[in-house]
Every structure is written in C-alpha cells, then in structure tokens.
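# Have a look at this prediction, sequence included:
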Amino acid sequence: MKKLLLIRHAKSNWDTPLKDIDRPLDQRGINDAHLVSLNISNFIPKTYVIHCSTAKRTTATALIFAQNLHYPIESIIYKPELYTFDESQLEKTIKSTDNSIESIILFGHNAAITNFVNKFGDVFITNVPTTGFVSLAFEANNWNDIKDGKTIKIVTPKDLK
C-alpha cells in the first residue's frame with residue numbers, strides 16, 4: 001500500500017513585486033502552517049519522506065511542518081519539478097517515485113493538488129485551500145500503478161479555527 005499526503009503551501013505574501021517562485025509566506029500562512037502541522041500527527045505514517053517544490057512559500061511551509069512533526073529538515077527532498085500547477089506533471093513526478101518509499105508527504109501548489117486529489121481520491125474537493133492537507137491511500141505496490149485511491153483525511157485551517 002502506498003500513502004500520499006498532499007499539502008498545499010501556506011498563504012503567501014503578495015505585497016512585494018517578486019517572481020512567483022520567490023514569494024514568501026505571510027503571517028497568516030505561518031500561523032496556519034503551525035496550526036495544521038500540530039493537528040495532523042494522528043494521520044501521519046510511521047515512516048515517510050518529504051518531497052517539496054522549490055518555491056520559497058512551499059519550502060517555508062515544509063520547514064514548519066518538519067519542525068512540528070520532528071522530521072529532520074536536512075532530509076527534505078526538494079524537487080524543481082514539483083513547482084507546477086499542472087496535475088499531469090504532478091502525477092508524473094509522483095509516479096516516478098522509488099518504489100521502496102511507502103509514504104510521501106508532498107508540498108506543492110494549486111491547481112495541481114486539487115485536480116490530483118479529485119482524479120485519484122474518492123472524495124470530491126472543490127478547492128484545497130492554502131495549508132490544506134489531504135491524505136490518500138492506494139492499494140498498489142508501485143507508485144506507477146496508483147489509481148482509485150481512498151481519501152483518508154482532509155484537514156484545512158478553517159476546520160481547526
């Protein structure tokens with residue numbers, strides 16, 4: 001069985017004219033990342049790897065989660081191909097994961113995350129909001145074979161406030 005936990009980056013700051021990839025988190029995003037990460041430990045597999053987009057807002061979100069989940073920050077795997085808004089690219093990247101890895105926590109972007117969870121999960125989600133967490137499980141031994149996943153848990157900052 002493969003487990004995939006997708007987390008959309010926390011709310012970013014649009015106040016400064018920066019390239020999209022360089023936008024940092026705003027204060028609400030920082031607070032929401034702490035809130036969600038401190039409330040999902042019951043839904044985290046015993047062992048996992050963290051894969052993260054190289055965008056500044058995703059890396060900052062992943063660092064907050066890693067800190068609160070006691071995951072070594074030096075073990076986070078940054079993947080430029082996860083800086084995508086396209087679910088086909090996201091799917092391709094996930095399906096190319098080494099099969100020795102059973103569980104992934106992936107930090108990425110919309111619309112890729114919402115579209116991916118709607119294609120592979122069994123619960124329709126209109127929009128995965130910033131800092132939204134969606135856990136999927138697949139009856140597959142190979143990442144390339146994932147399909148018809150089960151949506152295990154959805155957590156959003158709004159659920160926790």
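It's in. Predicted model only: the values in this text are computed from it and were never measured. Residues are numbered from 1 along each chain as shown.
# Can you work out which other helices and strands pack against the longest helix seen in the chain?
Within the chain, and with DSSP state H defining each element, the longest helix by residue count is helix 56-69. Packed against helix 56-69, as judged by 3 or more Cβ pairs under 8 Å, 6 or more residues apart in numbering; DSSP states H and E, are the following elements: strand 2-8, helix 27-37, strand 49-52, strand 103-108. For every residue, glycine as well, the C-beta is placed using N, CA and C.
# got the contact list for residue 55?
Residue 55 makes contacts with 9, 20-23, 83, 109, as judged by Cβ atoms under 8 Å, 6 or more residues apart in numbering.
# In the residues you listed, find the pair that's most separated.
Taking Cβ to Cβ as the measure, the contacts of residue 55 span a maximum distance of 13.9 Å, between 22 and 109.
# out of the two, which sits in the more crowded spot?
Neighbour comparison, residue 22 and residue 109: the larger count goes to residue 109, with 21 against 11 (by other Cβ atoms under 10 Å).
# For the nearest residue to that one once chain neighbours are set aside, give me phi and psi.
Nearest-residue entry for residue 109: residue 85, 5.4 Å, with adjacent residues in sequence omitted and distances by Cβ to Cβ, 6 or more residues apart in numbering. With angles defined as degrees, to the nearest 10, residue 85 sits at phi -110, psi 10.
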